[in-house]
Each structure stands twice: as C-alpha cells, then as structure tokens.
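Visitor: fold the following and give me the result.
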Amino acid sequence: MTAEKTGFSAFLARKNIRISARLYFVDAMSAMAMGLFASLLIGTILDTLADQLGWAWLDVAAGYAGSATGIAIAVAIGVALQAPPLVLYSLCAVGLGSYAAGGPLGAFFSVIVAAELGKAVSHETKIDILVTPTVTILAGLGVGTLIGPGVSLLMNGFGQLIIRATQLRPFLMGIIVSVLVGIVLTLPISSAAICFTLGLTGLAGGAATAGCCAQMVGFAVMSFAENGWGGLVAQGLGTSMLQMGNIVKNPRIWIPPTLAAAITGPVATCLFRLENGIAIASGMGTCGLVGPIGLLSWPGFGGAFHWLGLVLVCFVLPAVLTSLIAWPMRRLGWIKPGDCKLEL
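Guide: Numbering: from 1, shown residues only. Here you go, the predicted structure:
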C-alpha cells in the first residue's frame, strides 16, 4: 500500500501536479481575475467609451474582447498551473465551452480539472499530439456540461435575491443591493453581467454602483502601503478581484470595504437619490470609471447636489470609511502587513 502511494506521489511530482487548496483557490483564482480583466472588463470599458464617443471601431474591439472571456480565463489558469504548451493550447476550447455553460465560475472548475488531467497524460504516449488535446478538451467540457446547469441555477437564485432586495424600502434595499453586488464584483463572478441580465437601473442601479465602488476604491486605498500607485490604479480603475487570492488566505480583509458598502448604499439611495441609467454600468464600479458614467447617463442627474453625491459615494466615502474600519482591525492583528499584497 505504501509503495503504491509512493508510486502515485512520484507520478504526480513528475507531472508537476500539486493537489493544493492554495494553488487552486489562491493562485489559480488570482490568475482568473487577471483573465477576466483582460477580456470582459476591458471589453465593457471599451464598449462604454464607444457609446460615449460614437466610435464604431471601438465597439468592434469591445465585442472581440468580451467574446474572448472564456479563453482568457482558461489561458490565465493554465499558466498559473504551469500547464505544458499543448495542454495550454487545448484549454482554449475548454474555456470557451465551459464559460458558455456556467459562466466564470463554471469555467474556473472545468479548466482546473482539464489542465491537471491534461498534464497527467502529457508525453505519456507516442501519439501525444492526439491524446493530450483530446483528454484535455473532453475532460474540461465534460465537467462544464455537468456543473454548468448547477452554477447557472445558483447564479439565477442570487439574481432573484437581488431583485427581491430592490423591492424593499430604499434604505434596506440600499444596504442589501450595495453589499451583495459589491461582493459579487470581487468574487470570480461577473457583477456586470448579472446587473445587465437583471436590468438593474434606477435606484437599485445606484445602490449597486455604490457597493462596487466601495470594494474597488476601498481595497485600493486599504492596500496602498503594500501595493503603491500601481496597486491603487489596478484595483481602483481595474478590479478588486485581484484581491480574491488574498481574501481566501485571510477573509477578514474583506470586512472593511464590505461594511463601507453597507453605508454608502443607503447614502446613494436615500440621501442623494442617485440612479444609474445603464444596467451593465451598475456592476462595474470605478472600473474604467464606467459606474460613475452610468450615473451621469441618468436623465435626472444634474446640479451641484448630484455631483457632490457622485464624488462622495463613488470615491471619497469608500476611501475614508474603509480606512477607518480597517484601522482597529490592524491594531487587533486581524489584518497584518502583507495580507493585501498583490503580485502585479
């Protein structure tokens, strides 16, 4: 029994397969966030610019970027798992199919399984050029087909929760929608796609925008000492998903921006009555400034009061509140130096 175990362990070591929660849920998840940013999020930013500037060619570029989302996720995870070239190339088909079946989360699990099985059979036969791509693609698409409906059901349920929240009074709705959509923004799930699918505009869209901005600006400011200006821009104008790997290691770092979202949500809905006029922009936050642009697109936006609300809700309050909430947590040792460090 020991010999078998040793033999199997030796095989895994030879194939560079490390069964590790850190590898899968920290390294691979962080890589997936980069893949999402380089495709779906950039595509959404370009699409918003195209709408604002009226440049058709930019809209075409945005379409190509968005359509490559599944592939970008697969390649990013494959690189993180150190997949051999032939496995990495085969993962493109896995990413495309599994993303269509179960979105980013479905693609995440499918690509990991496909990459590891592809690595296991790589260079094990004389017809590697046939075996490796076949095993990688069929395994990944098989997993995607199996889990895709469940992931979609989970996402639909979450969407229904948000819809119910929008039916509550503005104060409670502001808290619930802001917190939920902000959390989704940081998770490896597309908050922009959810808001677009639900048609989340109006006050609910304003609350969603507040929550997303709280996550992005909050993490950017909270981790400035560790990540500097590069991290500030990458998170503040890019995505807070970059922190997902660090959140897995220490979930407490997620508390400050999430509590900030619980405050800025009702401020947006009850005090300033901010509404978002573009559904997909409601789930973008400060990513490429798409969220604030969505607020500006609301027909009722105008005057110094609304401008003050936009600046406070999208930028000032997330930065100040997150820093204030994080301070005692640092003093208690709940958040330690390096907990928010990014590998940029």
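
Visitor: the bottom helix or strand of this protein by mean pLDDT?
Guide: Sorting the helices and strands of the chain by mean pLDDT, DSSP states H and E puts helix 191-198 at the bottom, at a mean of 71.

Visitor: chain center to the helix or strand harbouring residue 93: distance?
Guide: Element membership for residue 93 (DSSP states H and E) is helix 85-121. Put simply, helix 85-121 sits 18 Å off its chain's centre (Cα atoms, centre = their mean, to the nearest Å).

Visitor: in a strand, residue 16, correct?
Guide: No. Using DSSP: H, G, I helix; E, B strand; the rest coil, the assignment for residue 16 is coil, not a strand.

Visitor: where's the residue lying closest to it once chain neighbours are set aside, which helix or strand?
Guide: Nearest residue to residue 16, sequence neighbours excluded (Cβ to Cβ, 6 or more residues apart in numbering): residue 82, at 5.7 Å. Placement of C-beta: from N, CA and C, glycine included. Per DSSP H and E, residue 82 falls between elements, in no helix or strand.

Visitor: again, but for residue 317
Guide: With DSSP H and E as the criterion, residue 317 is inside helix 317-331.

Visitor: can you list contacts of stretch 268-275?
Guide: Defining contact as Cβ atoms under 8 Å, 6 or more residues apart in numbering, one finds that stretch 268-275 is touched by 170-171, 173-174, 178, 201-203, 205-207, 209-210, 295, 298, 300-301, 305-306, 308-310, 312-313.

Visitor: apologies, that question was intended for stretch 289-309.
Guide: Residues outside stretch 289-309 that contact it (Cβ under 8 Å, 6+ apart) are 44-45, 48, 52, 205-206, 209, 212-213, 237, 267-268, 271-278, 280-282, 284-286, 310, 314.

Visitor: ends of it, how far apart?
Guide: End-to-end distance for stretch 289-309: 15 Å, by Cα to Cα, to the nearest Å.

Visitor: separation between residue 324 and residue 30?
Guide: From residue 324 across to residue 30, the span is 27 Å (Cβ to Cβ, to the nearest Å).

Visitor: quick one: residue 281 from residue 39, how far?
Guide: From residue 281 to residue 39 the distance is 18 Å (Cβ to Cβ).

Visitor: have a look at these two and say which one is more surrounded.
Guide: Using other Cβ atoms under 10 Å, the more surrounded residue of residue 281 and residue 39 is residue 281, with 33 against 24.

Visitor: what stretches of the protein score poorly on pLDDT?
Guide: The model of the chain has pLDDT under 70 over residues 1-6, 158-159, 163, 166, 189-190, 193, 196-197, 199, 344.

Visitor: quick one: the strands in it?
Guide: Assigned strands in the chain: none (criterion: DSSP state E).

Visitor: okay, angle between the biggest helix by length in it and helix 85-121 too, please.
Guide: The helix that spans the most residues within the chain, counting by DSSP state H, is helix 128-166. Angle, helix 128-166 to helix 85-121, by axes from the mean of the first three to the mean of the last three Cα atoms, to 10 degrees: 90 degrees.

Visitor: all set now, cheers.
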